[in-house]
Every structure is written in C-alpha cells, then in structure tokens.
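Trainee: output the structure for:
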Amino acid sequence: MTHAWLVVLGAAVGAPARYLTDRALQTRQARRGGVFPWGTFVVNVVGSLLLGLIAGRVSAPAQALIGTGFCGALTTYSTFSYETLRLAEAGTLLYAVLNVAGSVTAGVAAAAAGAWLGSMLLS
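Mentor: Have a look, this model is predicted:
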C-alpha cells in the first residue's frame, strides 16, 4: 500500500472524529450558553499531542497513516482561524484573544508533552 493510501485511510478516520468531537462539545456547550469554540480547541490540542508522540519515532507508513492522515484531518487551522474571526466580529474580543493564545500555548505544550512521552515510550 502506498503512503498516499495510508494518508487517505487516516484522514477517513480523523475527519469524522473531528466532526463528532466538535458536535458533541457544541451540543453540550449550547445547553450552557457558551460561545468559546471548545470542539476545535480540543481536537487541535489532541492532534498536537498525538503528532508530538509519534513524530520521528514511527515508520514512514505509520507517520503517513497517523501523522499526515489522521492528525491532518483531525486538526484544523482554518476552522480555528474562522472561529476566532467570528468571536471578534461578535464583539467577544476577549474570547478571540483567549482562543488564539490558549490554542497556540496548549498546542505547543501538547506537542512537547507528546514528544517527551514518545521518547519515554517509543524509543
């Protein structure tokens, strides 16, 4: 199986995982009246953790399947950007700033934690 097909297979799991996670968190949040985009935040942090965990520690086919395919489809920079813009346009500038700062900080921290765990578990 070529690496391209592994990317397709990983993405076929990652994209629905993103969608279902986002829907579940938005439904829960709607009951509470919140506006913060928790679904996107969570999938981006989890994807960063997973990518940090496997980066440089698994075979090229596994990297294609999990890293490029699954993590690439799970995480979303475009939705993060659009949701941040929507928060700012809605007048919730504090939430927009918190989304940017929190997402970048948590994502980098998750990638670092994943890399550390990967070095402990997969080396």
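Trainee: which residues does Thr79 contact?
Mentor: Pro37, Thr40 (CB atoms under 8 Å, 6 or more residues apart in numbering). C-beta coordinates here come from the backbone N, C-alpha and C atoms, glycine included.
Trainee: so it is in which element?
Mentor: Take DSSP states H and E as the rule and Thr79 turns out to sit in helix 77-89.
Trainee: show me what the helix or strand just after that helix is packed up against.
Mentor: Following helix 77-89 in sequence order, the next helix or strand is helix 93-121 (DSSP H and E). Packing partners of helix 93-121 (3 or more CB pairs under 8 Å, 6 or more residues apart in numbering; DSSP states H and E): helix 38-54, helix 77-89.
Trainee: centroid residue for this protein?
Mentor: Centroid-nearest residue in the chain: Asn44, 2.0 Å away (criterion: CA atoms, centre = their mean).
Trainee: got phi/psi on the closest residue to that residue other than its chain neighbours?
Mentor: Nearest residue to Asn44, sequence neighbours excluded (CB to CB, 6 or more residues apart in numbering): Thr75, at 4.9 Å. When read as degrees, to the nearest 10, the backbone of Thr75 gives phi -90, psi 160.
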